[in-house]
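Novice: Turn this into a model:
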Amino acid sequence: MDLAVFWSKKMEVVLFQASWVRRLRDELGLEGMSPVWSDVPAWYFWLRGLPGSYRLSLADAFQEQALEQTVTSGVFSVKYYPKPGDRFFHSFSPEETAAVQGQGFDLTNTPRFESQKDIPDGLFTIASLECTVNDQETWYLLSLDSQDTLRTVSLSEKQGRVIRSVPGWHLGYQLFERLTALHAFIFGLPPTRVALLREPGFESRLNADSSIENCTAEDLQRFNLLVLFNLQPEDRDTSAEAHFGERLQTEQGRVEMDLSFNPHDRSGPCLQGGRTDWVSRLWWRACQEEVRSGWPARGTEAALKSASSIDEADGRELGDV
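Specialist: Numbers count the residues shown, from 1 in each chain. Reported below is the predicted structural model:
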């Protein structure tokens, strides 16, 4: 199985079918989305309230055996292209801000097709997003990995100079929150479990010879948010909880939050306090009937598997919303 094609189709069915429902897009503040013409599956996103643009790209895909099941994962890089006037613009490095103001970017604040290969891969990256599904497709896990601050220090000067200080977690969560809500909409179900892990962060140090080394920074924090969907809530599939439990095992960090929810409760949880700040009400709102009106009724299994049935010769594309 070509895993790049597998994950491309999984993501496209979510974006293509969700684009039919304007009320959903309005609820999520999803101003636009478009496929990227590139060597790897990738998409651009524009969100209400953020002048910049996002790029989601498949970076890796793999399979592993877990509890006598095959588990398939896709790892996506998340990039954010700040726009001049964006309050985060000067948080990015001089190389990044120069690039977005150059001729290589177009009016949509995304790289021109012919300029993509000229932009170093490490620029603009703010987070990593991972999707995991078991072979029977009875559960689906999304996770976001980033730091509160992505800091790069240039050591070419005696005291060192901060040349990049990007709020990676905040920016990454904005896109992750919407993508998770889109999945909830397609599944017709809210999450059944959400957990947050925290561990010490690191800063990147740029040496005089242009080499980079990552060093632990006590003032920085790395977070990993896990969101689990049980797609057959009537069945007691222990593999979902077992896999989720394995992901909570950490040597350096700690579990900050681990909450379970009733999948039949579409009203959403009562969320108060800092430790639940990263559990979005949009993940429940997307399942409610007034949002789903106009959406053809279908089972969660059919919604997920339909991604595998899109014919490559179909010719359909995700257009701008």
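Novice: Just the element for Ser34, please.
Specialist: strand 30-35 (DSSP states H and E).
Novice: can you check Trp7 too?
Specialist: helix 3-18.
Novice: how about that helix as CSV, C-alpha atoms only?
Specialist: This file holds the C-alpha atoms of helix 3-18, laid out as CSV (Å, rounded to 0.1, in the frame of the first residue of the first chain):
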residue,chain,number,x,y,z
LEU,A,3,1.0,5.3,2.4
ALA,A,4,1.4,8.7,0.8
VAL,A,5,-1.7,8.1,-1.3
PHE,A,6,-3.5,6.6,1.6
TRP,A,7,-3.1,9.7,3.8
SER,A,8,-3.6,12.0,0.9
LYS,A,9,-7.0,10.5,0.3
LYS,A,10,-7.9,10.4,4.0
MET,A,11,-7.2,14.2,4.3
GLU,A,12,-8.9,15.1,1.0
VAL,A,13,-12.2,13.4,1.9
VAL,A,14,-12.3,15.5,5.1
LEU,A,15,-11.5,18.7,3.3
PHE,A,16,-13.5,18.1,0.1
GLN,A,17,-16.7,17.0,1.7
ALA,A,18,-16.6,19.5,4.6
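Novice: what comes up buried for that helix?
Specialist: 6-18 (16 or more other CB atoms under 10 Å). Yep, even glycine has a C-beta here, placed from its N, CA and C like the rest.
Novice: same check, this time on stretch 99-110
Specialist: For stretch 99-110, by 16+ other CB under 10 Å, it's Ala99, Val100, Gly104, Phe105, Asn109, Thr110.
Novice: could those residues be laid out in TSV, adding distance to Ser57?
Specialist: Shown next, in TSV, are those (distance: CB to CB, whole Å):
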residue	distance to Ser57
Ala99	17
Val100	17
Gly104	17
Phe105	17
Asn109	16
Thr110	12
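Novice: of those, closest to Arg55?
Specialist: Comparing the buried residues of stretch 99-110 against Arg55 with CB to CB places Thr110 closest, at 7.1 Å.
Novice: Now do the closest one against Leu150, distance only.
Specialist: Going from Thr110 to Leu150 by CB to CB, to the nearest Å gives 20 Å.
Novice: likewise Val100?
Specialist: Taken as CB to CB, the span from Val100 to Leu150 is 17 Å.
Novice: Quick one: low-confidence residue ranges for this structure.
Specialist: 157-159, 236-237, 251, 270-276, 293-321 (pLDDT under 70).
Novice: Just checking: what are the partner strands of the longest strand along it?
Specialist: Using DSSP state E, we find that the single longest strand of the chain is strand 212-230. Sheet pairing for strand 212-230, assigned by DSSP bridges, gives strand 139-147 (antiparallel), strand 193-206 (antiparallel).
Novice: In terms of secondary structure, what does the helix or strand following that strand contact?
Specialist: Later in the chain than strand 212-230, the nearest helix or strand by DSSP H and E is helix 238-247. Helices and strands touching helix 238-247, by 3 or more CB pairs under 8 Å, 6 or more residues apart in numbering; DSSP states H and E, are strand 53-66, strand 125-134, strand 139-147, strand 193-206, strand 212-230.
Novice: Of all the residues in the longest helix along the chain, which ones are buried?
Specialist: Counting residues, the longest helix found in the chain (DSSP state H) is helix 168-187. Residues of helix 168-187 classed as buried by neighbour count (16+ other CB under 10 Å): 168-169, 171-187.
Novice: Report the distance from that helix to the chain centre.
Specialist: 6 Å (CA atoms, centre = their mean, to the nearest Å).
Novice: Stretch 2-12 too?
Specialist: Counting by CA atoms, centre = their mean, stretch 2-12 comes out at 15 Å from the chain centroid.
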